[in-house]
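Peer 1: sequence unknown, structure follows:
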């Protein structure tokens, strides 16, 4: 029995006190073998096109001469995208709707950027604390504001992804629970609304994985 609306997101499948729901995070690996078929499929062509497009965009944002510098961010995009889409299937645990998952992706990235920037580009990091053209009287306040905005970056990254994944799932759950008390003609309308919401959730899954990755890329470009 569901005692709380948010309990639909709780891990519930256990074996020997081990939560098996988080294994859905690795379901995206099932899609990889088709990339290595002798005869490429349409899926591999589409995915290769997406990767090449992301590589060209991320390379411009990072502004790095090395071709492999975008590999980490493309892998991050792929992982988040697969988990977002898998969460739309029935009875599959949505790992990206939990702060444990999203914060463990955002926090190590942000920490590595900060450690690299402050150790190797200290002067460059101090320059970022005071935007160009700031009046002398406001410099102290701008340093405080920029420091706070820099510190909360991993939290905003994690909360943005989690909130967007939870919002659509909650709305679909609320509408689905009202189906038992509706008339037959209203159920048809409910199904149409649910299909439209599912299409919206597919778009949100793509957009949020792209936003998370692009913001991480922009944060990395600021420390170099």
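Peer 2: In hand now; what should we look at? Bear in mind the structure is a predicted one, so any value in this text is a computation, not a measurement.

Peer 1: SS state for residue 223?
Peer 2: Secondary structure assignment for residue 223 (DSSP: H, G, I helix; E, B strand; the rest coil): coil.

Peer 1: contacting residues for it?
Peer 2: Remark: with contacts taken as C-beta atoms under 8 Å, 6 or more residues apart in numbering, residue 223 is in contact with 113-114, 116-117, 121, 124-125. To be clear about C-beta, it is placed using only N, CA and C from the backbone, and glycine gets the same treatment.

Peer 1: distance of it from residue 123?
Peer 2: Between residue 223 and residue 123 the distance, using C-beta to C-beta, to the nearest Å, works out to 12 Å.

Peer 1: swap in residue 53?
Peer 2: Distance from residue 53 to residue 123, counting by C-beta to C-beta: 35 Å.

Peer 1: the more surrounded of those two?
Peer 2: Between residue 53 and residue 123, counted using other C-beta atoms under 10 Å, residue 53 has the larger neighbour count: 10 against 6.

Peer 1: Helix or strand: which one has that one?
Peer 2: If you go by DSSP states H and E, residue 53 is part of helix 42-62.

Peer 1: what do you get for residue 185?
Peer 2: Residue 185 is part of helix 184-221 when elements are defined by DSSP H and E.

Peer 1: Counting neighbours, which bits of that helix end up buried?
Peer 2: Within helix 184-221, the residues that qualify as buried are 197, 201, 204-206, 208-209, 212-217, 219-220, counting by 16 or more other C-beta atoms under 10 Å.

Peer 1: which strands and helices sit next to it?
Peer 2: Counting contacts by 3 or more C-beta pairs under 8 Å, 6 or more residues apart in numbering; DSSP states H and E, helix 184-221 is packed against helix 42-62, helix 71-86, helix 99-120, helix 153-177.

Peer 1: so which of the ones you listed is the most packed in?
Peer 2: Neighbour counts (mean count of other C-beta atoms under 10 Å) averaged over each of the helices and strands packed on helix 184-221 peak at helix 71-86, with a mean of 20.

Peer 1: where does the chain dip in pLDDT?
Peer 2: Within the chain, the stretches with pLDDT under 70 are 1-20, 31-39, 64-67.

Peer 1: quick revisit: closest to residue 188 among the contacts of residue 223?
Peer 2: Closest to residue 188 out of these is residue 113 (50.8 Å), distances taken as C-beta to C-beta.

Peer 1: ok, residue 107 touching residue 153?
Peer 2: No - under the criterion of C-beta atoms under 8 Å, residue 107 is not in contact with residue 153, lying 9.6 Å apart.
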